[in-house]
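**Student:** Build the 3D model from these lines:
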Amino acid sequence: MFPIKTTEKVNSWPVITWLLIALNVFVFTQQLTVEDPEAFFRTWGLVPANYPHLFSSSAHADLLSLSNLLPFATSMFLHGGLWHLLGNMLSLFVFGPNVEDRFGHIGFFIVYFACGLAAGITQIAFSAGADIPVVGASGAIAGVMGAFFVLYPKARVVSVIPIIVIPLIVRVPAFFYLLFWIGMNVINALKEMQLSFTDTASAGVAWWAHIGGFAIGMIYAGVLAKKQPAEKSE
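**Tutor:** Numbering: from 1, shown residues only. A predicted model of the protein is given here:
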């Protein structure tokens, strides 16, 4: 099921959403020119094994060094392939404008990165010792989706369900769409944990990053977002 738009009206130009999409696409084009992709991802991606003392009282001072902090931001703009990029950008394109409308441009920019940071920290917490770089905007975008979940619970998400060669277009209540989405992430995260808490070989999708970003997005929406305009959205 692929979202293509929401039924909620947007009252301002989503300039930050478009800027973030443009930056992600630009970075992806630059990835294609890298001679050593593995080294590139290990340098700019978020590698949980590099942060063994993040939640320890014996955390090292170099944890706050630029080389350790930068991956939390740079990893949000890296993607493992074209479909990874397109899937993330589609979700940002669908849910970003409405959330930006309620937070304001600057507020949305801050919340987006805060959710991405929370997603990275959550992934590190639940994949201690994992040596595979975590990349992608999905943690931050999960925060946007979590915020949408709180701000527009009665909205509908127009989605495409591919059935063989005939696509079916349906309007799904946002509450059920996003509840199903985060539910699948929780199920997969628990399943992966059951297989092996530290088995990096089975790591493929940063499920915990999605969960962490989604949760923080919900909290920010409930606390910081502007009230819905008096005019009823259609």
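**Student:** pLDDT-wise, which helix or strand of this structure ranks last?
**Tutor:** In the chain, no helix or strand scores lower on mean pLDDT, DSSP states H and E than strand 166-173, which sits at a mean of 86.
**Student:** Listing partners with orientation, what would you give for that strand?
**Tutor:** In the sheet, strand 166-173 lines up against strand 156-163 (antiparallel) (DSSP bridges).
**Student:** in the sheet, who's paired with the residue lying closest to residue 167 once chain neighbours are set aside?
**Tutor:** Spatially, and ignoring its direct neighbours in sequence, residue 167 is nearest to residue 160 (4.9 Å; Cβ to Cβ, 6 or more residues apart in numbering). Where C-beta positions appear, they are placed from N, C-alpha and C, glycine not excepted. In this entry, residue 160 is beta-bridged to residue 2, residue 169, by DSSP bridges.
**Student:** any idea how far residue 160 is from residue 150?
**Tutor:** 25 Å (Cβ to Cβ, to the nearest Å).
**Student:** Show me the shaky parts of the protein.
**Tutor:** Applying pLDDT under 70 to the chain flags the ranges 55-64, 195-204, 227-234.
**Student:** All the helices of it, residue numbers only.
**Tutor:** Using DSSP state H, the helices found in the chain span residues 15-31, 37-44, 66-74, 82-103, 105-126, 138-151, 174-195, 207-224.
**Student:** Compare those and give me the one nearest residue 2.
**Tutor:** Between residue 2 and those, the shortest separation by Cβ to Cβ is 6.8 Å, and it involves helix 82-103.
**Student:** helices and strands around that closest one, which ones?
**Tutor:** Applying 3 or more Cβ pairs under 8 Å, 6 or more residues apart in numbering; DSSP states H and E, one finds that helix 82-103 makes contact with strand 2-6, helix 15-31, helix 105-126, helix 138-151, helix 207-224.
**Student:** circling back to that earlier point, what separates the residue nearest to residue 167 from residue 169, distance-wise?
**Tutor:** From residue 160 across to residue 169, the span is 6 Å (Cβ to Cβ).
**Student:** And for residue 93?
**Tutor:** Distance of residue 93 to residue 169, given as Cβ to Cβ: 17 Å.
**Student:** okay, these two: which has more neighbours?
**Tutor:** Comparing residue 93 with residue 169 by neighbour count (other Cβ atoms under 10 Å), the higher total belongs to residue 93, at 18 against 9.
**Student:** who's more crowded, residue 160 and residue 150?
**Tutor:** Between residue 160 and residue 150, counted using other Cβ under 10 Å, the more crowded position is residue 150 (18 against 13).
**Student:** picking up where we left off before, spit out the residues that contact residue 160 and residue 169 alike.
**Tutor:** residue 4 (Cβ atoms under 8 Å, 6 or more residues apart in numbering).
**Student:** Thank you, goodbye.
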